[in-house]
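*Asks:* Quick check, what structure comes out for this input:
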Amino acid sequence: MRQAAIKIQKTYRGFLARQKYLQDVAKIVKCQNQVRVYLARNQLKSLKAERTRELSAVKLQSWYRQRLAVRQLNVLRQQKLETQSAVNIQAAWRGYVCLREYKKLRVAVQVVQSRWRATKLARESRQAYLEQRSAAIKFQSTWRMFYHRKQFIMYRAQVVMCQALVRRYQARKQFLKTKSTALAIQQTFRANRLRDSARDQFLNIKGAAVKIQSVFRMIIARRNYLKLQASAVKIQAAYRGHVAVQRYANLRNAALTVQRQRRAKLAGQVVREEYLRKRRAAIAIQRIWRGSVCRWQYQRIQDATLTLQAFTRGWIARRFVKRKRAALDVIQKTLRNYRAMVRTRDEFMRKRQRIVSVQRLARGYLARRRHKQLQEDAAYREQLRQEYLRQLEVRRNEASVVIVRAIRTCIVKKRIVKRVKATVVIQKFWRGYKAREQLKEKWREMTAKLAEIRNRLEEATASALPEQRLGVRTANAIDYLFHIRDMSQLIHAVKTLDTATRLSEDCCIALSVDGNVSSGNKNPMAELLNLINRCNRSVPHMEVVSISLDILINISRVPATRQHVAHIPGLVASLLQLMVVFRAAHSAGTDIFSKICALLQILSMNVDDSDKVKSELLTVTTMRKLQDHKTLLSTKAKMKEQGRQRAKSFSVAPPPLPSATNQGKKRKGSSSVASSQPWSLDPHPRYHEDPVTAISALLHELQRAN
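*Replies:* Sure, this is the predicted structure:
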């Protein structure tokens with residue numbers, strides 16, 4: 001709060017200082033404008049007077065130059081005829097030489113092109129062979145990894161079953177040995193319960209303290225709270241899971257003894273009621289005392305903040321007055337220097353004007369006397385004329401050479417461009433023909449390889465055991481959804497369903513129909529949604545939720561089963577609730593929020609106006625919720641980016657060098673997601689990893705549908 005108040009004050013005072021500075025600058029500019037107008041008027045008057053004196057001399061010079069130009073024109077006409085004939089002869093000879101050189105170059109270019117194309121074709125063939133071999137090796141490694149992992153999971157399940165049987169036998173033997181010591185066990189159990197109760201009381205008190213501290217710190221530094229929220233949630237989930245596991249283990253070891261001892265149960269109820277009464281009283285006392293302490297601390301902080309603000313505002317005001325006075329002194333000094341400069345320049349201009357007038361008169365007198373001497377000396381005039389004609393002839397020859405060279409260069413360039421275009425057209429058609437031939441050859445090779453792969457898959461399918469086939473595994477996984485016994489087996493079952501729905505349309509249809517042999521008339525997808533709603537934010541449960549959403553996305557991408565997903569009871573309400581729960585869990589790497597957005601986007605692509613999901617999503621309440629999600633995620637992303645920028649600004653590391661990749665403008669990505677069948681190639685992503693992009697794409701699709 002203190003930092004926000006200081007920032008607001010700083011912004012407002014900066015605004016006032018800028019307004020004052022702009023007003024002062026406007027006044028100074030107005031004064032400068034008046035001074036410049038006055039100087040410009042004086043300069044215009046002096047220029048007009050000087051222009052009038054120069055016009056008379058210009059008229060005399062123009063008459064003399066006109067007579068010289070007429071003489072030069074006659075001489076140029078005679079030389080033009082001679083130059084044109086020489087140019088024609090040179091053009092014909094140079095054209096013949098260029099044609100001969102071009103024929104030699106064309107033969108050399110054809111040889112080079114043929115050799116380069118042969119080399120390029122060999123390189124492309126080698127690259128295609130390497131790519132195909134790499135793809136085959138990768139496919140084999142992936143299949144072997146999948147097969148060995150499946151065998152490992154099966155062996156691990158068998159080992160776990162054997163361990164469970166052995167441990168049950170050992171536990172029963174231990175129980176028979178310790179049955180004679182029932183009284184000691186009861187005392188130990190009661191002590192453990194009292195210890196657990198004290199531990200729970202401490203945890204509740206600690207939770208209350210943490211909540212009060214979080215509220216107070218949210219007022220002071222909400223930014224830090226938002227950064228630590230994801231970490232706090234993850235720590236709480238891990239700790240609660242640890243406490244739950246310990247509690248479950250203690251209760252399981254003493255379950256039979258607790259059930260047979262009625263007196264222990266009654267005593268536990270009495271102790272529990274006494275504990276609850278004491279806890280409520282302690283919480284009330286702590287709440288009153290901590291509230292008073294917090295109010296006293298807040299009052300102290302507020303008083304200190306006001307004192308610091310008053311001191312800071314006084315210091316800023318004194319600094320502003322000091323700077324303003326210094327600026328006014330500088331402006332006054334500059335204006336005085338400018339006035340002194342103007343006076344000195346006016347004095348210099350007057351002196352220069354007088355000197356120029358004297359020089360003009362002297363030069364006019366000398367020019368008239370020189371002109372009179374030239375009129376009297378005819379031989380000297382003839383010599384000047386011959387010199388002028390000789391220089392004119394040299395300039396004409398140089399100009400003709402330059403013009404001829406430019407014209408020939410232009411003609412040669414046009415011919416070369418025309419030939420290059422023709423060569424490019426020929427190369428284009430030839431390369432198109434070669435590319436089509438290569439494509440046909442590759443197509444024949446790929447067809448043969450696909451036929452071989454199909455035959456191998458058919459042989460593998462025929463030789464596979466019945467329990468290893470995809471349909472049987474899918475049926476077993478569906479049956480396990482209705483009879484959940486172990487978390488690891490549940491994760492294995494949903495992974496099997498994810499793989500099956502990505503590869504087979506029949507498996508998608510099997511999941512979308514109601515009922516089977518062992519589950520009665522239940523809908524597997526409804527049971528899958530129920531499983532998602534029962535999961536919490538622990539790591540195994542989040543993995544189950546993520547894979548279950550992948551299954552729903554795969555089924556939604558199949559046109560034959562998309563309507564079955566849309567008609568699951570309570571689908572939209574459950575997904576909206578999951579968006580609230582898992583919105584902050586994106587850092588765990590599960591992308592649950594983005595997958596929910598992708599599922600809703602795929603379901604809203606249905607062109608049927610009577611679609612249930614689309615009608616529920618287009619309501620005002622739902623649109624407002626989605627918009628709130630987008631606003632909150634955008635704010636978090638901006639705050640995180642600002643934090644990174646501040647960290648970069650305070651770091652001592654040198655800035656990164658500019659590169660051609662990050663200087664260009666980023667291309668805006670598409671908001672669409674993959675909506676075709678899961679086993680087909682789709683250029684769009686399955687879901688957007690960035691939650692802001694995912695929710696924006698969903699809102700864009702809904703607005704387009706509306």
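*Asks:* which residues in this structure form strands?
*Replies:* With strands called from DSSP state E, the chain shows none.
*Asks:* Lowest average confidence across helices and strands of it, where is it?
*Replies:* helix 660-663 (a mean of 39; mean pLDDT, DSSP states H and E).
*Asks:* which helix is the longest one in this protein?
*Replies:* Using DSSP state H to define each element, the chain has its longest helix at helix 2-177.
*Asks:* what packs against that one?
*Replies:* helix 262-376, helix 378-463 (3 or more C-beta pairs under 8 Å, 6 or more residues apart in numbering; DSSP states H and E). Yep, even glycine has a C-beta here, placed from its N, CA and C like the rest.
*Asks:* Wait, Ser604 touches Gln703, no?
*Replies:* No - counting by C-beta atoms under 8 Å, Ser604 does not reach Gln703; the two are 10.4 Å apart.
*Asks:* who's more crowded, those two?
*Replies:* Ser604 (21 against 10; other C-beta atoms under 10 Å).
*Asks:* Per-residue pLDDT of Ser659, please?
*Replies:* For Ser659, the pLDDT comes out at 40.
*Asks:* Make TSV out of the helices and strands packed on helix 2-177 and add mean pLDDT and mean neighbour count.
*Replies:* Listed next are these as TSV, based on pLDDT from 0 to 100; neighbours: other C-beta atoms under 10 Å:
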stretch	mean pLDDT	mean neighbour count
helix 262-376	83	11
helix 378-463	82	11
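*Asks:* Turn these into a markdown table, including distance to Gln186.
*Replies:* Below are the helices and strands packed on helix 2-177 laid out as a markdown table (distance: least, C-beta to C-beta, whole Å):
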| stretch | distance to Gln186 |
| --- | --- |
| helix 262-376 | 6 |
| helix 378-463 | 61 |
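*Asks:* Figure out which of those helices is closest to Met639.
*Replies:* Across those, Met639 has its closest neighbour in helix 262-376 (23.5 Å, C-beta to C-beta).
*Asks:* That closest one packs against which elements?
*Replies:* Looks like helix 262-376 contacts helix 2-177, helix 182-220 (3+ C-beta pairs under 8 Å, 6+ apart).
*Asks:* Point out the most buried one among the ones you listed.
*Replies:* helix 182-220 (a mean of 13; mean count of other C-beta atoms under 10 Å).
*Asks:* same question for it, mean pLDDT?
*Replies:* Mean predicted confidence for helix 182-220 is 79.
*Asks:* same deal with stretch 599-613?
*Replies:* 73.
*Asks:* Ok, stretch 673-685 next?
*Replies:* 75.
*Asks:* List the buried residues of it.
*Replies:* Val673, Ala674, Ser675, Gln677, Pro678, Pro685 (16 or more other C-beta atoms under 10 Å).
*Asks:* In helices, which of these appear?
*Replies:* Per DSSP H, the buried residues of stretch 673-685 never map to helices.
*Asks:* Taking the residues you listed together, which two end up most distant?
*Replies:* Among the buried residues of stretch 673-685, Gln677 and Pro685 lie farthest apart (C-beta to C-beta), at 15.6 Å.
*Asks:* Can you check what pLDDT the model gives the closest residue to Ala182 other than its chain neighbours?
*Replies:* In this structure, Ala182 finds its nearest non-sequential neighbour in Thr257, 7.2 Å apart by C-beta to C-beta, 6 or more residues apart in numbering. Looking at Thr257, its pLDDT is 76.
*Asks:* do Ala475 as well
*Replies:* 65.
*Asks:* do Arg53 as well
*Replies:* 67.
*Asks:* same question, Ala584
*Replies:* pLDDT at Ala584 comes out at 69.
*Asks:* Distance-wise, check Val402 relative to Thr83.
*Replies:* 12 Å (C-beta to C-beta, to the nearest Å).
*Asks:* can you give me the helices for the stretch 451-600 of the chain?
*Replies:* Using DSSP state H, counting those that start in this stretch, the helices of the stretch 451-600 of the chain run over 470-481, 487-503, 505-512, 524-534, 539-556, 562-566, 571-581, 592-603.
*Asks:* need those in a markdown table with distance to Gln201 and mean neighbour count, can you?
*Replies:* Shown next, in a markdown table, are these (distance: least, C-beta to C-beta, whole Å; neighbours: other C-beta atoms under 10 Å):
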| stretch | distance to Gln201 | mean neighbour count |
| --- | --- | --- |
| helix 470-481 | 40 | 18 |
| helix 487-503 | 30 | 19 |
| helix 505-512 | 47 | 20 |
| helix 524-534 | 29 | 18 |
| helix 539-556 | 28 | 22 |
| helix 562-566 | 47 | 20 |
| helix 571-581 | 28 | 17 |
| helix 592-603 | 34 | 26 |
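*Asks:* how about these, which one is nearest Ala91?
*Replies:* Here helix 592-603 is closest among the helices of the stretch 451-600 of the chain (C-beta to C-beta), at 70.9 Å.
*Asks:* tell me the angle the closest one makes with helix 524-534.
*Replies:* 150 degrees (axes from the mean of the first three to the mean of the last three C-alpha atoms, to 10 degrees).
*Asks:* Helix 592-603: how far from the chain's middle?
*Replies:* 20 Å (C-alpha atoms, centre = their mean, to the nearest Å).
*Asks:* Show me the shaky parts of the stretch 1-150 of the chain.
*Replies:* 1, 53-54, 56-57, 60 (pLDDT under 70).
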